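Novice: Mind folding the following:
(one chain, ligands or ions: 1)
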Amino acid sequence: MMTGSALYEHVEKHFGWARAAEFIDISPEGLRSAAGWQIRDAFGHLLLASEEARAALLKFPPPADPVNPLSDNDYSYRLVSALHDAFLTDDVVRRYIGEQPVSFLDFGCGSGRILSYLAQFNPPNTFAGCDVVPGGLDHIRAVGIQGDFRVISNTPPTSFETGSFDAILAWSIFSHYSQSYGDIWMSEFRRLLRPGGLVMMTFHPPSSIATLRQDTRPLAPPQETFDAIEADIAQTGFGYRPCYERFEDVGSDYANFGITAMTPEYVRSRWQEQFELREIVQNAVHGWQDMAVFTAR
Ligand SMILES: C[S@@+](CC[C@H](N)C(=O)[O-])C[C@H]1O[C@@H](n2cnc3c(N)ncnc32)[C@H](O)[C@@H]1O
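Specialist: Prediction:
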């Protein structure tokens, strides 16, 4: 399991907290007594602040420059947010599956943002990853993460075997899928999972639309997109609009991969023949997305 104390020991052994204090404002005593999150945040900021720390502490560094324009936001997202996301993922996996080895698929894994931390700090797992964009998978292989990494098509089936996974992560994927893509991919997840297997998928709840509307990056959707999504949510609990047509063509299907929001009620009822919704982790993606945790029936 990924713990704050394991990170603490890792820094102490390979870099030294006294040295870390040259780069970030920390109190080693405070870190020692803190629960995992505080150490995790200090670790992330140390990595961001020091190239030497990255070289000493990271087994599988993220790409310095974007290799998949759909997944690689700023460097801090790849380095620091990724650490939070990997801890949360591991926490959920351990809560539902326990400490035994887990066959884990990172679906839409991008350039291995989350996988790289899981693979470094949680070696008993066996890892697989897939994406429609090959560039991120090339990076994953180049840094040496051990696992089964495959380019997939926009629509199922994948070439992975039926019943081959204990847990599937889909981070920032269903926050982009059209309704039909959400349905066909949840069915594929059911095929890929062992009975009782876990799906962790993040989604935009309606409350995040206010935050999405503030996004000022050049490719952020116009306000009318959110007006339309909110109108649809009021009717059906689900709203989707394409919005990435202006991106370069990198292999995704921009008719079905745009911007999506849905209510928790929609998430609970939509796939219930195949899955039981176990919990919704609020704010899994700081202020933007919640995580739905399902087990396969
Ligand atoms: C916002 S990124 C998230 C990447 C990764 N899960 C992470 O958290 O860093 C969305 C990912 O979905 C991938 N993608 C695009 N279309 C897809 C599709 N039809 N099926 C699966 N993944 C797709 C993109 O290439 C990109 O890696």
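Novice: what number of residues lie near Pro205?
Specialist: Here the count is done by other Cβ atoms under 10 Å, and Pro205 has 21 residues near it. To be clear about C-beta, it is placed using only N, CA and C from the backbone, and glycine gets the same treatment.
Novice: Helix, strand, or coil at the closest residue in space to it that isn't next to it in sequence?
Specialist: Nearest-residue entry for Pro205: Asp290, 5.1 Å, with adjacent residues in sequence omitted and distances by Cβ to Cβ, 6 or more residues apart in numbering. State at Asp290, reduced to three classes by DSSP: H, G, I helix; E, B strand; the rest coil: strand.
Novice: Would you state the predicted confidence (pLDDT) at Asp290?
Specialist: Per-residue confidence (pLDDT) for Asp290: 98.
Novice: Same check on Ile24?
Specialist: We note a pLDDT of 83 for Ile24 in this prediction.
Novice: I'd like to know the beta-bridge partner residues of the residue nearest to Pro205.
Specialist: On the basis of DSSP bridges, Asp290 is bridged to Phe203.
Novice: wait, it sits on Pro264?
Specialist: Yes. Counting by Cβ atoms under 8 Å, Asp290 touches Pro264, with 7.4 Å between them.
Novice: Name the residues that touch stretch 138-157?
Specialist: Contacts to stretch 138-157, defined as Cβ atoms under 8 Å, 6 or more residues apart in numbering, come from residues 59-61, 63, 67, 109, 111-112, 115-116, 119, 126-134, 137, 158-160, 181, 184-185, 187-188, 191, 251-253, 256-257.
Novice: near the ligand too, which of those residues?
Specialist: Residues shared between those and the neighbourhood of the ligand are Cys109, Asp131, Val132, Val133, Ser252, Asp253, Phe257 [Cβ under 6 Å from any ligand atom].
Novice: so how many other residues sit close to the fifth one?
Specialist: Just to be clear, that refers to Ser252. 20.
Novice: Which strand or helix spans the closest residue to Arg54 other than its chain neighbours?
Specialist: Here the nearest residue to Arg54 in space, its sequence neighbours aside, is Leu47; by Cβ to Cβ, 6+ apart that works out to 5.3 Å. According to DSSP states H and E, Leu47 maps onto helix 36-49.
Novice: Pull out the buried positions in that helix.
Specialist: Gly36, Ile39, Arg40, Asp41, Ala42, Phe43, Gly44, His45, Leu46, Leu47 (16 or more other Cβ atoms under 10 Å).
Novice: Let me know whether my guess that Val250 is in a helix holds.
Specialist: No. Applying three-state DSSP, one finds Val250 to be coil, outside a helix.
Novice: and it, how far is that from Ser116?
Specialist: 21 Å (Cβ to Cβ, to the nearest Å).
Novice: returning to what we had before: state the pair within the ones next to the ligand among the contacts of stretch 138-157 that is farthest apart.
Specialist: Put simply, by Cβ to Cβ the two of those set farthest apart are Cys109 and Asp253, 17.6 Å from each other.
Novice: of those two, who's got more company?
Specialist: For Cys109 and Asp253, the more surrounded residue by other Cβ under 10 Å is Cys109, and the numbers stand at 29 against 16.
Novice: got the phi/psi numbers for that one?
Specialist: Cys109 adopts backbone torsions of phi -80, psi -10, taken as degrees, to the nearest 10.
Novice: tell me the contacts of it?
Specialist: Here Cys109 is in contact with Leu115, Gly129, Cys130, Asp131, Gly136, Leu137, Ile140, Phe149 (Cβ under 8 Å, 6+ apart).
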